[in-house]
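> Dropping the sequence and predicted coords here.
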Amino acid sequence: MKIGKACIIGGSGFVGRYLAHRLSAMGCSVVIPTRRLTQTRQNLVLPGLKMVKADVHDAAELEPIVAGMDAVINLAGILRGDFTAVHVELPRKIVAACRRNGIKRLLHMSALNARRDAPSEYLRSKAAGEQEVMESGLTTTIFRPSVIFGEGDAFLALFARLTRFFPVFPLASPDARFQPIFVGDVAHAFSTSLADPATFGQSYDLCGPKIYTLKQLVQYVVQITGHHSMVIGLNDRLSYLQALMMEHMPGKLITRDNYYSMKIDSVCNCGATEKFQAVFGSPLVELEEAAPQYLARIPSGVI
């Protein structure tokens with residue numbers, strides 16, 4: 001299957017920017033729909049890239065955008081808000097648009113631990129979105145990453161900003177375990193699989209080479225940035241109360257649904273990292289290799 005033109009839904013976001021660079025370097029023409037055209041153009045200037053102002057949730061606007069594409073890639077996702085609209089209804093609309101335009105290839109971003117009986121609405125909605133894609137009859141590949149880190153992330157970089165301002169940092173769910181994967185590795189998996197028949201109809205859990213508790217990750221950020229914040233892990237009851245309180249504050253840094261998501265360790269089954277190298281042909285980047293390069297550049301100022 002030759003892929004010369006691809007549409008990235010959610011392409012103006014964190015992972016999308018890395019993936020757009022990779023596809024552009026491969027000679028693939030990329031179309032990215034966005035609601036904020038001017039802002040996105042400043043961040044993405046690439047050969048063969050076309051930005052289109054559109055609301056992808058409107059089927060009438062989505063339809064002409066995907067027309068003529070060889071493949072569609074759905075990266076759209078949120079951590080708070082209307083999960084059904086973004087994680088379930090949008091994949092359904094994308095599938096319908098692909099069918100009507102004769103597009104066979106669809107890549108879809110899900111989440112590790114996405115399943116119908118998961119404790120959080122986020123994970124349950126991701127599972128429902130997966131089902132829409134898997135039952136589409138299209139040539140699909142699904143990716144389920146653990147938390148993704150890299151320059152521009154909303155994970156390690158967020159903690160770098162927060163710990164700058166708080167000498168004592170109360171941390172909810174400190175023992176929650178993660179297996180963070182570098183954004184470049186995620187983009188590599190997507191771009192490599194796009195035209196690879198071996199990945200057709202497959203689903204891949206994506207994890208980095210090491211497992212950490214949330215407290216270990218935040219303490220590492222404190223060490224790298226040179227902040228002097230003391231990280232205090234909260235017990236389960238206090239973690240819930242912190243999430244409840246912050247859910248009603250501007251920014252919603254953590255919600256009860258986030259708290260419920262962290263009830264399940266975001267780690268891959270044994271052999272997942274070896275499978276990544278076997279399928280996608282590259283070693284995984286370690287957090288300690290990449291994180292210091294961008295955490296040290298995070299400016300002071302507002303969160």
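Yep, it's here.
> Can you name the residues in contact with stretch 184-204?
Applying Cβ atoms under 8 Å, 6 or more residues apart in numbering, the contact partners of stretch 184-204 are 1-3, 6, 15, 18-19, 21-23, 26, 28, 71, 73, 105, 107, 110, 130, 139-145, 148, 150, 206, 208, 275-276, 279-282, 284-285, 290. Where you see a C-beta, it was placed from the backbone N, CA and C, and this is true even at glycine.
> CA atoms of the host helix or strand of Thr192 as CSV?
Of the helices and strands defined by DSSP states H and E, Thr192 is found in helix 183-193. C-alpha atoms of helix 183-193 as CSV (Å, rounded to 0.1, in the frame of the first residue of the first chain):
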residue,chain,number,x,y,z
VAL,A,183,7.0,11.1,21.8
GLY,A,184,9.5,10.5,19.0
ASP,A,185,9.1,6.7,19.5
VAL,A,186,5.3,7.1,19.2
ALA,A,187,5.6,9.1,16.1
HIS,A,188,8.0,6.5,14.7
ALA,A,189,5.5,3.7,15.3
PHE,A,190,2.8,5.5,13.5
SER,A,191,4.8,6.6,10.5
THR,A,192,6.5,3.2,10.2
SER,A,193,3.2,1.3,10.3
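> quick one: strands adjacent to the next helix or strand after it?
Where DSSP H and E defines the elements, the next helix or strand beyond helix 183-193 is strand 202-206. According to DSSP bridges, strand 202-206 forms sheet pairs with strand 139-145 (parallel).
> Run the chain-centre distance for the strand it pairs with.
Centre-to-centre, strand 139-145 and its host chain are 12 Å apart (Cα atoms, centre = their mean, to the nearest Å).
> circling back to that earlier point, now the buried members of the contacts of stretch 184-204.
3, 6, 15, 18-19, 21-23, 26, 28, 71, 73, 105, 107, 110, 130, 139-145, 148, 150, 206, 208, 276, 279-280, 284-285, 290 (16 or more other Cβ atoms under 10 Å).
> ok, which stretches of the stretch 101-250 of the chain are strands?
With DSSP state E, counting those that start in this stretch, the ranges of strands along the stretch 101-250 of the chain come out as 105-109, 139-145, 148-149, 168-171, 177-178, 181-182, 202-206, 212-213, 230-233.
> hmm, back to that, please compute how far the helix holding Thr192 lies from its chain's middle.
Distance, centroid of helix 183-193 to centroid of chain: 12 Å (Cα atoms, centre = their mean).
> Stretch 224-239 now?
With Cα atoms, centre = their mean, you get 24 Å for stretch 224-239.
> Give me the contacts around that stretch.
Taking Cβ under 8 Å, 6+ apart as the rule, stretch 224-239 contacts 160, 163-164, 166-175, 215, 218-219, 221-222, 242, 259, 291-292, 295-296, 298.
> Now intersect the residues you listed with the helices, please.
Mapping these onto helices (DSSP state H) picks out 160, 163-164, 215, 218-219, 221-222, 242, 259, 291-292, 295.
> Count residues in the vicinity of the nearest residue to Gly4 once chain neighbours are set aside, would you?
Leaving aside its sequence neighbours, Gly4 sits nearest to Asp70 (Cβ to Cβ, 6 or more residues apart in numbering; 5.6 Å). Neighbour count of Asp70, defined by other Cβ atoms under 10 Å: 18.
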